[in-house]
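> Give me a 3D structure for the following:
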Amino acid sequence: MDTPSAAQDMTKFVTLPDIDPTGYLQLKPYEGPMPEPQEWESLEYVDWKSGGDTNFAILASANGDNDPRGFWEFGKPDKDGVWTPNVERIPAIKKWVENVGANFGRVRIIKLEPSEEASAISAMHPDDNNRITPEGTGWVVRAWLQLTDNPESYMIVREEKDDQAGEARIPLPRGAQFIVDSERLWHAVWHDASKYSEPRYAVIASFESGPQLQSWIDSQRP
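Now for the predicted structure:
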């Protein structure tokens, strides 16, 4: 699992006013073409744990290899992602990422096994998206696109792991889209084992905050 970097002075980075108040933003369901299950199930997955029993199919990495490590391991911020061979098997997701129009970094499909609520809460974590993001450039946030239809599973976000006061739960029907400043917020998905027996699949992509991402957000408002 990634380990978040030390808190940074956010005034030194480009951020988005729409995301700043809560750290997350729900968008309208995706209206473009969605891939079929056989497409994401055919991808090559690596065993990489993050917020539960997870595996990842790497679609864009720091150098185009099937490597889940953070971009800082290669001396670059989580931007300027390079497509891997995996992405050619799932062209609808490549199109979704490119249609955002913003500089992207890591792009992955997560496979998450069902869990109990307590297990999901214990797995909550912040991400490490901006370890070497240059000051004066866009802060990296993450966008999700839900592939499987799991409306009774939820992305749980909190300002502090053990503080439920400001908690939000984002439902996960097929096509759900949302953005999270996942370095700021503790987060994890509760893929409810009492409701589902099959894994949950979703796309996670890192994007640079700036005018291009804001334009896409404006086009995807509910």
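> which strands and helices sit next to the lowest-mean-pLDDT helix or strand in the chain?
One helix or strand of the chain scores below all others by mean pLDDT, DSSP states H and E: strand 45-47, with a mean of 94. Applying 3 or more Cβ pairs under 8 Å, 6 or more residues apart in numbering; DSSP states H and E, we find strand 45-47 packed against strand 54-61. For every residue, glycine as well, the C-beta is placed using N, CA and C.
> State the distance from R184 to P199.
With distances taken as Cβ to Cβ, to the nearest Å, R184 is found 27 Å from P199.
> So the two - more neighbours on which side?
R184 (24 against 17; other Cβ atoms under 10 Å).
> That one and I217, how far apart?
R184 is 17 Å from I217, by Cβ to Cβ.
> Likewise for R174?
As for R174, its distance to I217 is 21 Å (criterion: Cβ to Cβ).
> neighbour count winner among those two?
I217 (19 against 16).
> Hmm, the more buried one is touching I179, no?
Yes. Contact criterion Cβ atoms under 8 Å: I217 and I179 qualify, at 7.2 Å.
> Find residues that contact each of the two.
Shared contacts of I217 and I179 (Cβ atoms under 8 Å, 6 or more residues apart in numbering): 25, 27.
> where along the protein do the helices fall?
Counting by DSSP state H, one finds helices in the chain at the ranges 37-41, 91-100, 117-122, 211-219.
> Could you tell me which residues within the shortest one count as buried?
Read it as helix 37-41. Neighbour counts using 16 or more other Cβ atoms under 10 Å place 39-40 of helix 37-41 among the buried residues.
> Using CSV, write out every CA atom in it.
Only the C-alpha atoms of helix 37-41 are listed here, as CSV (Å, rounded to 0.1, in the frame of the first residue of the first chain):
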residue,chain,number,x,y,z
PRO,A,37,-17.0,-7.9,-18.0
GLN,A,38,-15.0,-10.2,-20.3
GLU,A,39,-12.8,-7.2,-21.1
TRP,A,40,-11.7,-6.3,-17.6
GLU,A,41,-11.6,-10.0,-16.5
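> That one: how far from the chain's middle?
Offset of helix 37-41 from its chain centre (Cα atoms, centre = their mean, to the nearest Å): 19 Å.
> and for that helix, what are the contacting residues?
Residues from elsewhere that reach helix 37-41 (Cβ under 8 Å, 6+ apart): 57, 89-90, 92, 109, 147-148, 201.
> Excluding covalently adjacent residues, which one is nearest to E88?
Nearest non-adjacent residue to E88, counting by Cβ to Cβ, 6 or more residues apart in numbering: K94, 8.0 Å away.
> Can you tell me how far the residue lying farthest from the centre of the chain is from E116?
Largest separation from the mean C-alpha position in the chain: S194, at 24.3 Å (Cα atoms, centre = their mean). Taking Cβ to Cβ as the measure, S194 falls 8 Å from E116.
> Strands of this structure, residue ranges please.
24-26, 45-47, 54-61, 82-83, 104-112, 140-146, 150-158, 168-172, 177-180, 186-190, 200-208 (DSSP state E).
> Ok, which of the ones you listed comes nearest E36?
Ranking the strands of the chain by proximity to E36 (Cβ to Cβ) places strand 200-208 first, at 11.5 Å.
> Tabulate the helices of the chain in JSON lines, adding columns for mean pLDDT.
Formatted as JSON lines, those follow (pLDDT from 0 to 100):
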{"stretch": "helix 37-41", "mean pLDDT": "98"}
{"stretch": "helix 91-100", "mean pLDDT": "98"}
{"stretch": "helix 117-122", "mean pLDDT": "96"}
{"stretch": "helix 211-219", "mean pLDDT": "98"}
